[in-house]
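> need a 3D model of the following:
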Amino acid sequence: MNHFNILSDDLAACEHFYCDLLGLTKGERPPFKFGGLWLYAGGQPILHVNEARRPLAGQGVIDHIAFSSRDLRGTVAKLRGEGIRFSLNQQVGSGTWQLFCHDPMGVKVELDFEASEPAP
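Below is the predicted model:
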């Protein structure tokens with residue numbers, strides 16, 4: 001995959017969620033005629049957020065987007081501090097920690113942490 005693109009009617013809320021809570025960084029974006037954000041991980045623009053009204057039915061559905069993550073305890077603390085509900089489990093077999101929550105637009109986000117990370 002090159003990137004995901006989501007629609008948002010609240011860019012500030014999305015920037016806060018993905019940058020301040022999940023650790024992506026806001027980066028360079030072409031001068032499109034509509035507002036938006038390009039959010040980077042590892043120097044790559046992996047998440048594009050386009051300013052738009054709430055998506056209409058029939059525009060396509062993504063069940064969730066997943067990010068490889070670090071610092072399970074710190075991430076849990078940030079989400080709790082913001083009052084963001086989440087579920088956490090360890091994947092059967094691999095032991096990978098899987099945290100699921102939703103961004104401000106309702107997109108389901110999966111954060112995957114190494115099995116060796118301590119439980120929160």
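> how long is stretch 89-97 from one end to the other?
6 Å (Cα to Cα, to the nearest Å).
> buried stuff in that stretch?
96-97 (16 or more other Cβ atoms under 10 Å). (Glycine included, C-beta is placed from N, CA and C.)
> pretty sure Tyr40 contacts Gly27?
Yes - using Cβ atoms under 8 Å, Tyr40 is in contact with Gly27, at 4.2 Å.
> quick one: which of these two has more around it?
Shown here are Tyr40 and Gly27; by other Cβ atoms under 10 Å, Tyr40 has more neighbours (17 against 13).
> how much space separates that one from Cys101?
Separation of Tyr40 from Cys101 (Cβ to Cβ, to the nearest Å) stands at 20 Å.
> now Ser116
Taking Cβ to Cβ, one finds Ser116 at 22 Å from Cys101.
> same drill for the two, tell me which one is more crowded.
A count of neighbours by other Cβ under 10 Å puts Cys101 above the other of Ser116 and Cys101, at 21 against 8.
> contacts only, for the more buried one.
Each residue near Cys101 by Cβ atoms under 8 Å, 6 or more residues apart in numbering is listed here: 79, 84-87, 108-109, 111.
> looking at the residues you listed, which gets the smallest pLDDT?
The pLDDT minimum for those sits at Lys108, where the score is 89.
> that residue touches Arg85, doesn't it?
No - Lys108 lies out of contact with Arg85 (Cβ under 8 Å); the separation is 11.8 Å.
> what count of nearby residues applies to Ile6?
20.
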